[in-house]
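Novice: this one's structure only:
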Ligand SMILES: [Zn+2]
């Protein structure tokens, strides 16, 4: 049975090809009580523009439990998606966003990896130390089945720019605060990473420069000293493996600051 839900979108992944929808985006966020929820599948770019929700915007929609997905947080949208108001602001070190996003506290990657996918498949972690941000060459082209599908969709489907494959895989290397942590290397699939890469490559006409610009933002800025870096993480259903879905990066609170 469908359930009407209000959720704050915190994560949108780079679209992936899909046989039934052409392409799909994984969206995740939190409910008003701070519990995580996954909205999948969403054929984001195929939807009318007024449904194009932004990150940190509340949305309202009808959802059903997806019987094929054993993950407790997963729900399938069965209605139009109605964005409500403007995205929450970043004022006061993201106070308004923190209220919901950190409502249930944070965990570590080691803790989440110790639980099973059925128990928990979405979360927010605070890495103890971010050691590196890596860009590794990936396939440059979609596999032939997908290319054929895109061509068919172009002929019969709604007009939309073809989905571009990003020829790099970007990953964070980090350690949890637990002394027993041996470190993690996790791919990041945030839509913003792919989008920034494409924009910079087009602007500077160079893949190397584009990779450097992505690193500058996602490592240089987002993991800078004064930033309270967090990662939104989730599992890949098929493998149960954890990956990074997005970043949450308010400035650090100033310790011992007095109000007067
Ligand atoms: Zn760890």
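Specialist: Sure thing, it's come through. Only a predicted model underlies this, so the values are computations on that prediction, with no experimental measurement involved.
Novice: so which bits of the helix or strand where residue 8 lies are buried?
Specialist: According to DSSP states H and E, residue 8 maps onto strand 3-12. Within strand 3-12, the residues that qualify as buried are 5, 7-12, counting by 16 or more other CB atoms under 10 Å. From N, CA and C alone the C-beta is placed, and that goes for glycine too.
Novice: with pLDDT added, can I get these in a markdown table?
Specialist: Shown next, in a markdown table, are those (pLDDT from 0 to 100):
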| residue | pLDDT |
| --- | --- |
| 5 | 96 |
| 7 | 98 |
| 8 | 98 |
| 9 | 98 |
| 10 | 98 |
| 11 | 96 |
| 12 | 96 |
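Novice: ok, so of those residues, who is nearest the ion?
Specialist: residue 11 (20.6 Å; CB to the ion).
Novice: can you redo the buried residues of strand 3-12 as TSV with distance to the ion?
Specialist: As requested, the buried residues of strand 3-12 are exported to TSV (distance: CB to the ion, whole Å):
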residue	distance to the ion
5	32
7	28
8	27
9	27
10	22
11	21
12	26
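Novice: show the contacting residues for residue 18.
Specialist: The contact partners of residue 18, by CB atoms under 8 Å, 6 or more residues apart in numbering, come to 24, 41, 43.
Novice: my bad, residue 252
Specialist: Residues in contact with residue 252, defined by CB under 8 Å, 6+ apart, are 93, 226-228.
Novice: now the helix or strand residue 213 falls within: buried residues?
Specialist: Per DSSP H and E, residue 213 falls inside helix 207-215. Residues of helix 207-215 classed as buried by neighbour count (16+ other CB under 10 Å): 210-211, 213-214.
Novice: do the same with stretch 139-151
Specialist: Quick answer for stretch 139-151 (16+ other CB under 10 Å): 142, 146, 149-150.
Novice: between those, which is nearest residue 121?
Specialist: Closest approach between these and residue 121, by CB to CB: residue 146, at 25.6 Å.
Novice: which residues sit in contact with that closest one?
Specialist: Counting by CB under 8 Å, 6+ apart, the residues that residue 146 touches are residue 17.
Novice: tell me the secondary structure for it?
Specialist: helix (DSSP: H, G, I helix; E, B strand; the rest coil).
Novice: measure it to the ion for me?
Specialist: Distance of residue 146 to the ion, given as CB to the ion, to the nearest Å: 34 Å.
Novice: show me the contacts for whichever residue of the stretch 1-150 of the chain sits closest to the ion.
Specialist: Of all residues in the stretch 1-150 of the chain, the one sitting closest to the ion is residue 110 (3.4 Å; CB to the ion). By CB under 8 Å, 6+ apart, the contact set of residue 110 is 176, 178, 180-181.
Novice: do the same with residue 122
Specialist: Counting by CB under 8 Å, 6+ apart, residue 122 makes contact with 28, 36-38, 71, 73, 232-235, 245.
Novice: with that, I have no additional questions.
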